[in-house]
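Asks: this is a predicted model, with the sequence first.
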Amino acid sequence: MIDPTLSPRLIPLQYKRPKRLISGILLLDKPHGFSSNQALQKVKWLLQAAKAGHTGTLDPLATGLLPLCFGEATKFAQYLTDADKTYIATIKFGLCTTTGDAEGEVISTRPVLCSFQQVRDACQQFTGEISQIPPMYSALKHEGKALYEYARAGVEIARKARLVTIHGISLDSFSDDAAVISVRCSKGTYIRTLAEDIGHALGCGAHLVALRRTETANYKIDQAITLQAFEAMTDAARLGCLAPPDSAISELPEVMLDHDSVFYLKQGQPVWRSGVIPDGLLRLYDESREFLGVGQLQSDGKIAPKRLIQQTNNGGLAKK
């Protein structure tokens, strides 16, 4: 059995399987211990998909919702990467670690003397637009290398603070030295950093011990499938788990185009469409409700193609 997470260059030619043209989005419940890319490569191998990408990194420590895009759906992956996310985080107070989570070494300990109300008040200090300094143990790149590579070598890199938005934090439980919080936030928010900042505000320090993503854009964790369950399925059942590419942009207004407009749009030309058209980006469909891609209303009233898809039948072999 060949390990699907191996680089293709390391797999003997006789074991390489043909790639298939598969388009859609799998809502995966990422397991603990897998990096986002490891989970992606495993599912890509199971589907024999020619093209794939994930939509926002989850650390190996974290579990939960990881939308995986295949084929034409990868054209809209950025919309999900940029979308708001919701997490459930478990924070342990009184201990600070090198990484800000349970995988690091303890660097300081302090007594925990705070109450439920004090923890809740500390959480509320971090709602709205806040400034965060990305942790050294992160996948952010510096001169082509991930920050965690420098951190493991004992090298500290200066990082610029970034503005993120915490739409809401609720304190779900607090007992002794541990709290469970729910966080709805913008892209780029580091929950490890948030946990450390809450601990610092309370004067006792803290680190993240568990993290689960429960929402991304309009997708929710109860729609996701575990890697174990997906692996146990037949090929046909796996294909049936894929959400259509346009589900990634369901919040955009939709516009239906007639046959002639579709023809010219596919040639890359802006087209007229009668009636009131919302400003901004649009989901475009033909008269049979076949998804065409994303367009944008121009100042002259025409709809210009922005990101169109190629119609494919899931399961066909990709050209070499």
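Replies: The structure has been received and is ready for your questions.
Asks: quick one: Asp246 and Arg283 touch, right?
Replies: Yes - counting by C-beta atoms under 8 Å, Asp246 touches Arg283, with 5.9 Å between them. Just so you know, the C-beta spots here come from the backbone N, C-alpha and C atoms, and that holds for glycine as well.
Asks: tell me where the stretch 51-200 of the chain has strands.
Replies: Using DSSP state E, counting those that start in this stretch, the strands found in the stretch 51-200 of the chain span residues 52-54, 63-70, 85-93, 95-97, 106-109, 128-132, 141-142, 145-146, 162-175, 178-185.
Asks: which residues does the nearest residue to Ile309 once chain neighbours are set aside contact?
Replies: Distance criterion C-beta to C-beta, 6 or more residues apart in numbering; nearest residue to Ile309, sequence neighbours excluded, is Glu72 at 4.2 Å. Contact analysis of Glu72 by C-beta atoms under 8 Å, 6 or more residues apart in numbering lists 23, 245, 309-310, 312.
Asks: in the stretch 201-320 of the chain, which spans are strands?
Replies: Under the criterion DSSP E, counting those that start in this stretch, the stretch 201-320 of the chain contains strands at 206-216, 219-220, 225-226, 254-256, 281-285, 291-297, 303-308, 316-317.
Asks: who does Lys85 bridge with?
Replies: Lys85 has these beta-bridge partners by DSSP bridges: Cys185, Thr216.
Asks: run a quick neighbour tally on it.
Replies: Counted with other C-beta atoms under 10 Å, residues neighbouring Lys85 total 25.
Asks: so how far is Ala52 from it?
Replies: 20 Å (C-beta to C-beta, to the nearest Å).
Asks: please name the nearest non-neighbouring residue to Lys19.
Replies: Closest residue in space to Lys19, ignoring its immediate chain neighbours: Ala50 at 3.8 Å, by C-beta to C-beta, 6+ apart.
Asks: correct me, but the one you found touches Arg17?
Replies: No - Ala50 is beyond contact range of Arg17, at 11.1 Å (criterion: C-beta under 8 Å).
Asks: the more surrounded of those two?
Replies: Ala50 (19 against 9).
Asks: dump the residue contacts of the more buried one.
Replies: 19-22, 71, 318.
Asks: which ChimeraX command selects the buried ones in these?
Replies: Applying 16 or more other C-beta atoms under 10 Å to these, the buried members can be selected in ChimeraX as follows:
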select :19,20,21,22,71
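Asks: can you redo the contacts of Ala50 as JSON lines with pLDDT and distance to Pro135?
Replies: Supplementary listing: the contacts of Ala50 in JSON lines, determined by pLDDT from 0 to 100; distance: C-beta to C-beta, whole Å:
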{"residue": "Lys19", "pLDDT": "88", "distance to Pro135": "36"}
{"residue": "Arg20", "pLDDT": "91", "distance to Pro135": "38"}
{"residue": "Leu21", "pLDDT": "90", "distance to Pro135": "39"}
{"residue": "Ile22", "pLDDT": "94", "distance to Pro135": "35"}
{"residue": "Gly71", "pLDDT": "95", "distance to Pro135": "34"}
{"residue": "Ala318", "pLDDT": "59", "distance to Pro135": "39"}
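Asks: most widely separated two among the contacts of Ala50?
Replies: Lys19 and Gly71 (10.3 Å; C-beta to C-beta).
Asks: shared neighbours, the two?
Replies: Joint contacts of Lys19 and Gly71 (C-beta under 8 Å, 6+ apart) are 49-50.
Asks: so where's the stretch 201-320 of the chain uncertain?
Replies: Low-confidence segments of the stretch 201-320 of the chain, defined by pLDDT under 70: 312-320.
Asks: now the residue nearest to Lys19: how far from Tyr219?
Replies: With C-beta to C-beta as the criterion, Ala50 and Tyr219 are 23 Å apart.
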